[in-house]
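Undergrad: I'll drop the sequence and a predicted model, then ask my questions.
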Amino acid sequence: MPNYKFENALARKPQSCPPIWFMRQAGRYHKHYQSLRKKYSFEELCKKPELAAETALGPIEDFDFDVAILFSDILWPLQAMGMNLVFDPGPKFEDILTEQNFKKLLHKKDLRFMEFQSEALQLTKEKLGHDKSLIGFVGGPWTVLSFGMGTNKLGSNSISLTREKNFMLEEFIIPFLQKNISMQIEAGAETVMIFDSSAHQLDDKDFSSYLEKVIENMIKPFEQKVGYYAKEEVDYNCIISHANNNENSFAGIGIDSQTSLQETLTKVDHGFVQGNFDELKILADSNEFHQALDHFIEGMLALSQEERVGWVCGLGHGINKDTPEKHVKHFVSQIRQAFK
């Protein structure tokens, strides 16, 4: 049974308490994950559906998040398309993509390679407790391509969309990810998030034209089933403008911790807004974390339920590996207590 708070956020129904989930909530900060990694490789946790489900369910059981997230990685589509990828411990490619060699390294594969995600979603959903939702995710096309080219650590406005990069996006990456989204929804994901953490590398003009491709191929076909997240100096006004167009069918958007959640909520009139407590504050010492969380809660309590409509509570980005588990438990309990 889906989580009613998450359903209310998707439908923009006023409610006292928001649903809570974190990006990377099944990860290295969590003892449950650490214990699994002592026995299995990261690739095994992703590609063996029983292990992927067990990994995804750990933070639900320990922290009582409202939403479970498919345990996987955004880069498996590149492996599916022919790139040699290993995790040691982070992702490493035998060859990186260039504008000269991509036709040699990328192939138009079907989706059978990704069936482990479908099976993992089905198993996770079967084991989820009462009143919990399940979401899937894919990487943003540009983020996936940027990792494949080895440019994912470059800063804002650092890359231009050449004809060759557009070709890779339009002919290989986007079509595959579109099929990946469809597969995850068919397997039981209520919503699929596009995590586009490298989109800020594009200048405003390129980002706008790129976002239109994402919307046309990965958001509009799925009728309010797909959300979009980008971070760090990306043009949020451009994203919000597209999200507010009902024809574009956004499920919602995510924002980083440098962006005002209150102001964003006043601008968005379609779908949810996921965010955005500072992921660095939750791993700070307890006094600093408690003060920052109290300030965050105070700011959100100043809004009425109608002004908070659509809010999905979380962090501005993925949870850091050094975050104390007690801080996660405190965050969830304080949000629930403050907004009961």
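TA: Sure, I can see it.

Undergrad: contacts, neighbours, all on C-alpha from now
TA: Will do.

Undergrad: wait, doesn't Ala338 sit right on Ile297?
TA: Yes. Assessed by C-alpha atoms under 8 Å, Ala338 is found in contact with Ile297 at 7.3 Å.

Undergrad: how close does the most centrally placed residue in the chain get to Ala52?
TA: Closest residue to the average C-alpha location of the chain: Phe195 at 4.3 Å, with C-alpha atoms, centre = their mean. Separation of Phe195 from Ala52 (C-alpha to C-alpha, to the nearest Å) stands at 19 Å.

Undergrad: all strands of the chain, in order?
TA: 67-69, 85-87, 91-93, 133-139, 191-196, 226-230, 250-254, 272-277, 311-315 (DSSP state E).

Undergrad: so can I have a markdown table of these showing mean pLDDT?
TA: Shown next, in a markdown table, are the strands of the chain (pLDDT from 0 to 100):
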| stretch | mean pLDDT |
| --- | --- |
| strand 67-69 | 98 |
| strand 85-87 | 94 |
| strand 91-93 | 94 |
| strand 133-139 | 98 |
| strand 191-196 | 98 |
| strand 226-230 | 98 |
| strand 250-254 | 98 |
| strand 272-277 | 96 |
| strand 311-315 | 98 |
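
Undergrad: using a markdown table, please lay out those together with distance to Leu75.
TA: Compiled in a markdown table, the strands of the chain are given as follows (distance: least, C-alpha to C-alpha, whole Å):
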| stretch | distance to Leu75 |
| --- | --- |
| strand 67-69 | 16 |
| strand 85-87 | 8 |
| strand 91-93 | 8 |
| strand 133-139 | 7 |
| strand 191-196 | 11 |
| strand 226-230 | 17 |
| strand 250-254 | 20 |
| strand 272-277 | 23 |
| strand 311-315 | 22 |
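
Undergrad: quick one, which of the ones you listed is nearest to Leu169?
TA: strand 133-139 (12.4 Å; C-alpha to C-alpha).

Undergrad: walk me through which strands the closest one pairs with, and which way each runs.
TA: Here strand 133-139 is paired, per DSSP bridges, with strand 67-69 (parallel), strand 191-196 (parallel).

Undergrad: ok, back up a step: out of the strands of the chain, which comes closest to Gly148?
TA: strand 91-93 (7.5 Å).

Undergrad: pairing partners for that closest one, with directions?
TA: strand 85-87 (antiparallel).

Undergrad: residue contacts, the closest residue to His107 other than its chain neighbours?
TA: The shortest distance from His107 to any non-neighbouring residue, by C-alpha to C-alpha, 6 or more residues apart in numbering, is to Met81 (5.0 Å). Each residue near Met81 by C-alpha atoms under 8 Å, 6 or more residues apart in numbering is listed here: 105-109.

Undergrad: go on, Asp204?
TA: Taking C-alpha under 8 Å, 6+ apart, we find Asp204 in contact with 157, 234-235.

Undergrad: ok, now how distant is it from Ser260?
TA: From Asp204 across to Ser260, the span is 20 Å (C-alpha to C-alpha).

Undergrad: how about Asp110?
TA: Asp110 sits at a distance of 41 Å from Ser260 (criterion: C-alpha to C-alpha).

Undergrad: now swap in Gly314 and tell me
TA: 14 Å.

Undergrad: neighbour count for the two, which is higher?
TA: When Gly314 and Ser260 are compared for neighbours, Gly314 comes out ahead with 28 against 12, by other C-alpha atoms under 10 Å.

Undergrad: what's the closest non-adjacent residue to that one?
TA: Spatial nearest neighbour of Gly314, chain neighbours left out: Gly275 (4.6 Å); criterion: C-alpha to C-alpha, 6+ apart.
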